[in-house]
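Q: model this:
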Amino acid sequence: MLAIMITDAQSLTEIRETWTGVHKLKAHDRFYPILPGAGVINAASFMPEGFWNLPFLLAYSVLDDVLTVLRDQGVFQCESWMLGKKMEASRNHLPWQDYDLVVAGKDARNDLAHGAIMLPKKECFMYIDAIEVELGAWGVL
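A: So this is what the prediction gives:
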């Protein structure tokens, strides 16, 4: 685990709980038994494609929260509240694993938030997984 870590126990707990919510939402992409011996259904087949944008947005919210806490701890400096600005300011201070991929996801998140441009499930999961790698590398997860 990396030394850069959130030192405020309450913030860390809240962030991890929210990340658990991301995983619970992603878990709707599972197979469930219908009745004993009757087979299984894929719960995802009942979800509208746009559903997967919810855990995607939540994942970027967690990233934003993490960067805010790390900024407030003095890991990096940034006066802006905007996620993109915090990402840029943290780039040389955090061990980003795939900064460009996470930025691409942030841009897609902005397109969703400001233009209602939804992503397919595969892309949502790709960006969620990329954030999880970063949070693991930073000792958050």
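Q: Remind me which helix or strand residue 133 belongs to.
A: Per DSSP states H and E, residue 133 falls inside helix 121-137.
Q: so how far is that helix off the chain centroid?
A: Put simply, helix 121-137 sits 6 Å off its chain's centre (CA atoms, centre = their mean, to the nearest Å).
Q: and what of stretch 91-101?
A: Distance of stretch 91-101 from its chain centroid, counting by CA atoms, centre = their mean, is 15 Å.
Q: What are the contacting residues of that stretch?
A: For stretch 91-101, contacts defined as CB atoms under 8 Å, 6 or more residues apart in numbering pick out 2, 4, 70, 75-76, 87, 90, 102, 126-127, 130, 133-134, 137-138. Every residue, glycine included, has its C-beta placed from N, CA and C.
Q: check contacts around the residue nearest to the spatial centre of the chain.
A: Centroid-nearest residue in the chain: residue 59, 2.2 Å away (criterion: CA atoms, centre = their mean). Counting by CB under 8 Å, 6+ apart, residue 59 makes contact with 19, 22, 127, 128, 131, 132.
Q: After the helix or strand harbouring it, which helix or strand is next?
A: Secondary-structure element containing residue 59, defined by DSSP H and E: helix 53-72. Next helix or strand after helix 53-72 toward the C-terminus (DSSP H and E): helix 83-90.
Q: Just the angle for that next one relative to helix 53-72, thanks.
A: 40 degrees (axes from the mean of the first three to the mean of the last three CA atoms, to 10 degrees).
Q: Buried residues of helix 83-90, list them for me.
A: By neighbour count on 16 or more other CB atoms under 10 Å, the buried set for helix 83-90 is 83, 86, 87, 89, 90.
Q: got TSV for those residues, with distance to residue 118 and pLDDT too?
A: Putting the buried residues of helix 83-90 into TSV (distance: CB to CB, whole Å; pLDDT from 0 to 100) gives the following:
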residue	distance to residue 118	pLDDT
83	19	97
86	25	98
87	22	98
89	29	98
90	28	97
